Each structure stands twice: as C-alpha cells, then as structure tokens.
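Engineer: Sequence and predicted structure, then a few things I'm wondering about:
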Amino acid sequence: MNDMRILVVEDERRIARAIKEGLEQESYAVDIVHDGEEGYNTARTDEYDLIILDVMLPSMNGNDICKKLRDDGSRTIILMLTAKDQDRDIVAGLDSGADDYLAKPFSFDVLLARIRALLRRPHETLGEMLQVEDLTLDPAAKKVTRGGTVIQLSAKEFAILEYMMRNPGRILSKNNIMTHVWDFDADILPNTVEVFITYLRAKIDKPFTTPPLIQTVRGFGYRMGDTL
C-alpha cells in the first residue's frame, strides 16, 4: 500500500481528473487544485511527497509557483507539466527549481514512470547541512551540534529533530511528526511524541543559555525556532 501524497495543480479539469483517477488506482493519495495562487498556498501549507505542476495556470504560472516554493525553503519534489516543449521553456522550468519536466501530450504510463523515478531518487537537498540559529544537523554524518557542542541523540530523536529542522518556523502537530517519523503501521500514541520532545529538549535546549529552539504552540503542536 502506497502512503505517498501527491498534489496536482492543473487548470484543465479533464486532464487533472484523469491524472487523479490513474494515480489513485496506483494507491497514491491525490489532491487537485485548478488555480495557480491556490496551488501555491496549498503546496505551502500542506505536506506532499510530490507536486505535479502545470506551467500555464490562472492567477500564477507554474514557474513562479515553483520558484516561490523553493524560495520558501520547500524541498518537495516538483514535476512540471506543459504544452510547451521548446528548450527555453524546459530551461525556465528547471531553473525555477523543478526536479523534472514532462511535455504534453504524454501517456499516463510515462507520467507514472517519471513519478516512480523521482520518488526513488535521493533528493539532492537531503544531504545538505541543516541549521536553525546555532543548532546544526548533518544528515549524512548523523551529527548534531549546538554552539559547537556535539549532542548525542538516539535514532528516533535524530529523525524527529531532522524533520523539525526541515520545517523551521512551521507548526507541526503530533500527527505530522508521527506520520513522518514512525512507520505507517507503528502502534504509537500522541503522548509518545511528547516523551521524545521532552528528551530532545533535555539535550538541545536545557544545557544551553541560548533561547530554547523547540516551542510548544498550545492546542496545535510544536515549532522549531522562530522564537517569540
């Protein structure tokens, strides 16, 4: 069973519906948006594993959406769709931050193959050093430091911290953390997240005189950095 979530931003409703139906048959969860500005806002506020983004959209074009998402720090995989297939249009899409580019008309089998390849590909940004204020995390070396001090974390603590540092300033619910850090069928409860957040705070916040980085947003969840 696939637990991948895909956003389709496509103003041609027939094409969008066909993509959605085909991907749902492959067990992907699919949301559709037909407007550029709405697509940007949806991609920015909700979590997706991949975005299928048409270039020609009302209110905001796909290249602008892609560039704004990258400027916002989004690392979500983006596959651009367009009726144009000239070199300059392909370059414009890739320069805006897209991961791949598919010209219309295309067969669904080709689209599906591209999606599978993109989701298998180690994302280039995953190896980059993450930093929030004076806290750094090296995904490749599995190393965390704050103010130059090395911090020892368990594998699960590291995974939670990495997820939070990839989403700085964003409110993350306990369910967000559970679904991104634990296996789909893991038998855990929301208070398990609370326990691990307590462990993390004891290691990355309490020993230091600098302001705490893990913030509780009561009734909503947690936020990394962006202290008030």
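Structural biologist: Alright, I've got the coordinates. Numbers count the residues shown, from 1 in each chain.

Engineer: Settle this for me: residue 188 is touching residue 178, isn't it.
Structural biologist: Yes - the criterion here is C-beta atoms under 8 Å, and residue 188 meets it with residue 178 at 6.2 Å. To be clear about C-beta, it is placed using only N, CA and C from the backbone, and glycine gets the same treatment.

Engineer: Quick check: neighbours shared by the two?
Structural biologist: By C-beta atoms under 8 Å, 6 or more residues apart in numbering, residue 188 and residue 178 have no common neighbours.

Engineer: can you map out the strands along this structure?
Structural biologist: 5-9, 29-33, 50-54, 77-82, 100-103, 130-132, 135-138, 143-146, 149-151, 171-172, 214-217, 221-224 (DSSP state E).

Engineer: Residue 162 is nearest to which of these?
Structural biologist: strand 135-138 (5.8 Å; C-beta to C-beta).

Engineer: Export that closest one to CSV, keeping only CA atoms.
Structural biologist: Provided in CSV are the C-alpha atoms of strand 135-138 (Å, rounded to 0.1, in the frame of the first residue of the first chain):
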residue,chain,number,x,y,z
LEU,A,135,21.8,24.3,16.1
THR,A,136,23.2,22.3,13.1
LEU,A,137,22.4,18.8,11.9
ASP,A,138,24.4,16.9,9.3
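
Engineer: Check which residues of that strand are buried.
Structural biologist: 135, 136, 137 (16 or more other C-beta atoms under 10 Å).

Engineer: and the last one, how far is that from residue 195?
Structural biologist: According to C-beta to C-beta, to the nearest Å, residue 137 and residue 195 sit 21 Å apart.

Engineer: Quick one: residues contacting the nearest residue to residue 60 once chain neighbours are set aside.
Structural biologist: Take residue 60 and drop its neighbours on the chain: the residue closest to it by C-beta to C-beta, 6 or more residues apart in numbering is residue 36, 3.3 Å away. Residues near residue 36 by C-beta under 8 Å, 6+ apart: 9, 11, 57, 58, 59, 60, 61, 62, 64, 65.

Engineer: How about residue 63?
Structural biologist: 55, 80, 92, 93, 96.

Engineer: what's the burial count for residue 104?
Structural biologist: The tally of other residues near residue 104 (other C-beta atoms under 10 Å) stands at 14.

Engineer: Pull up the gap between the closest residue to it other than its chain neighbours and residue 52, please.
Structural biologist: Distances taken as C-beta to C-beta, 6+ apart put residue 83 closest to residue 104, at 4.6 Å, once the chain neighbours are dropped. Separation of residue 83 from residue 52 (C-beta to C-beta): 14 Å.

Engineer: between these two, which one's more packed in?
Structural biologist: residue 52 (26 against 12).

Engineer: Who is that one paired with across the strands?
Structural biologist: Here residue 52 shows beta-bridge partners residue 8, residue 79, assigned using DSSP bridges.

Engineer: for the chain, what spans make up the helices?
Structural biologist: 13-25, 36-45, 62-71, 87-95, 108-120, 155-165, 174-181, 190-204 (DSSP state H).

Engineer: out of the ones you listed, which comes closest to residue 225?
Structural biologist: helix 155-165 (8.3 Å).
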